[in-house]
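J.: okay, sequence plus prediction incoming.
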Amino acid sequence: MTHELKAIFTKYQEVSAIGLKSVLATVVALEGSSYRRPGVRMLLIENGEMVGAVSGGCVEKEIARQAESVFKTGLAKVMEYDGRYRLGCEGILHILLESFSPDNHFLEVFWDVITNRETFSILSVFDKTNSENKGFGSTFRFEKKEIPLNTEQEYCGGHSFEQTLFPCFRLIIIGAEHDAVLLCQYASLMGWEVTVVANPKEEKTSEAFPGIHAWLPKEPETLTFPMDKQTAVIVMTHSFAKDLGYLLALKDSNPAYLGLLGPMQRREKLFDALLERYPEISEDFLDSVHGPAGLDIGAETPQEISISIVSEILTVIRQKNPVLLKEKLGKIHN
């Protein structure tokens, strides 16, 4: 969800520069089931634009109507949306609407936290009733300080919702062939920050990769990249020698996911070469490599292979065993 919040802040800075007001809508509580869970947010702008969504599209018009009073008075409110008779989700949403006008200091701190890949949280105070209250609102809790969205409000209410937000998920694609371009595009649509690592002699540039976050022209010998549990790596250079070099460079890394493109026989040859070049390499590292990368969905085209890889990354980081939802017992979301 951090990537959605980034989009909200980016849009706010764009529209506030021309004097337009904004209202932040946050799902703070849910009774029953819904398309999305508490913590999802959207930004409403007084010219009618919206960034993000809190449902599949069925609630947003009512939110826009309810937000009109917040634009006029600046007074935060909670709206209750009962979907049991209007939606297929059969849930009751409690949505906090509040003025969104972070100052320059707030913006500076926020973007520093995003850039430095730090974890933070947001605490929202509300009541589970259709009501307005100057005590409703949200506070951002960064590592070094807490900053309320509205410094003039005294936050009070009968309920609170706190959400921890982690750094944006990051995908490092090692390789710059046609299929890497498509994987970059698909991953960026997921909101992932995509870094492409390419040979410095590669003819392609970052302009060939839609949605790219960073371009890193590095030989295996000079590749250093800080890893965390919000980072996945896929090695797909289509060159045995280059794949071998980059795997050696990654031998001490510990990403959330490490994938290797290519058939099983090629993987085994790469592992044999790795052991020959570096006998001390750990079995844990070899076991951590997902190769061939991707889920078996019958993928044949580069587009389908990209979907297969993204799907496997999700199952690994969410610790899920993929099943058909029609065969899943109980709730979709835990």
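T.: Received the coordinates, thanks.
J.: does the residue of the chain positioned farthest from its centre sit in a helix, a strand or a coil?
T.: Taking C-alpha atoms, centre = their mean as the measure, the residue most remote from the mean C-alpha position of the chain is Glu276, 38.6 Å away. Secondary structure state of Glu276, per DSSP: H, G, I helix; E, B strand; the rest coil, is helix.
J.: average model confidence for stretch 79-93?
T.: Average pLDDT, stretch 79-93: 69.
J.: returning to that earlier point: how much space separates the residue farthest from the centre of the chain from His238?
T.: 22 Å (C-beta to C-beta, to the nearest Å). (C-beta placed from N, C-alpha, C; glycine too.)
J.: okay, and Ile173 sits in which element?
T.: Using DSSP states H and E, Ile173 maps to strand 170-174.
J.: residues in contact with the spatially closest residue to Val28 that is not a sequence neighbour?
T.: Nearest residue to Val28 in three dimensions, chain neighbours excluded: Phe161, at 4.3 Å (C-beta to C-beta, 6 or more residues apart in numbering). Contacts for Phe161 were tallied using C-beta atoms under 8 Å, 6 or more residues apart in numbering; they are Thr26, Val28, Ala29, Pro38, Gly39, Leu123, Ser124, Phe126.
J.: want to throw those into CSV with neighbour count, secondary structure and distance to Met79?
T.: Conversion of these to CSV gives the following (neighbours: other C-beta atoms under 10 Å; DSSP: H, G, I helix; E, B strand; the rest coil; distance: C-beta to C-beta, whole Å):
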residue, neighbour count, secondary structure, distance to Met79
Thr26, 22, strand, 11
Val28, 26, strand, 11
Ala29, 19, strand, 12
Pro38, 17, coil, 14
Gly39, 20, coil, 17
Leu123, 16, strand, 20
Ser124, 28, strand, 14
Phe126, 28, strand, 10
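J.: tell me the pLDDT of the closest residue to Asn150 other than its chain neighbours.
T.: In this structure, Asn150 finds its nearest non-sequential neighbour in Gly137, 5.5 Å apart by C-beta to C-beta, 6+ apart. Gly137 is assigned a pLDDT of 91 by the prediction.
J.: per-residue pLDDT, the residue farthest from the centre of the chain?
T.: The model's pLDDT for Glu276 equals 93.
J.: kindly report the same for Thr115.
T.: So Thr115 comes in at 93 (pLDDT).
J.: measure it to Val197 for me?
T.: 20 Å.
J.: let me know the closest of the contacts of Phe161 to Ile297.
T.: Nearest to Ile297 among those, counting by C-beta to C-beta, is Gly39 at 29.3 Å.
J.: phi, psi of the closest residue to the closest one other than its chain neighbours?
T.: Distances taken as C-beta to C-beta, 6+ apart put Gln163 closest to Gly39, at 4.2 Å, once the chain neighbours are dropped. The phi and psi values for Gln163, taken as degrees, to the nearest 10, are phi -120, psi 130.
J.: the one 5 residues further on too?
T.: Backbone torsions for Cys168, taken as degrees, to the nearest 10, come to phi -60, psi 140.
J.: what about it, how many residues nearby?
T.: Counted by other C-beta atoms under 10 Å, the residues lying close to Cys168 total 18.
J.: ok, it - contacts?
T.: Per C-beta under 8 Å, 6+ apart, neighbours of Cys168: Thr2, His3, Lys6, Ile114, Arg117, Gly191, Trp192, Glu193, Gln230.
J.: ok, so what distance separates it from Glu4?
T.: 10 Å.
J.: same check on Leu286?
T.: Leu286 is 36 Å from Glu4, by C-beta to C-beta.
J.: Ser188 is in contact with Val310, correct?
T.: No: in this structure, Val310 is not within contact of Ser188 by C-beta atoms under 8 Å, at 10.7 Å.
J.: more crowded one of those two?
T.: Between Val310 and Ser188, counted using other C-beta under 10 Å, the more crowded position is Val310 (21 against 18).
J.: pull the distance from the helix or strand harbouring the more buried one to the chain's centre.
T.: Element membership for Val310, per DSSP H and E: helix 302-317. Its chain's C-alpha centre and that of helix 302-317 lie 15 Å apart, by C-alpha atoms, centre = their mean, to the nearest Å.
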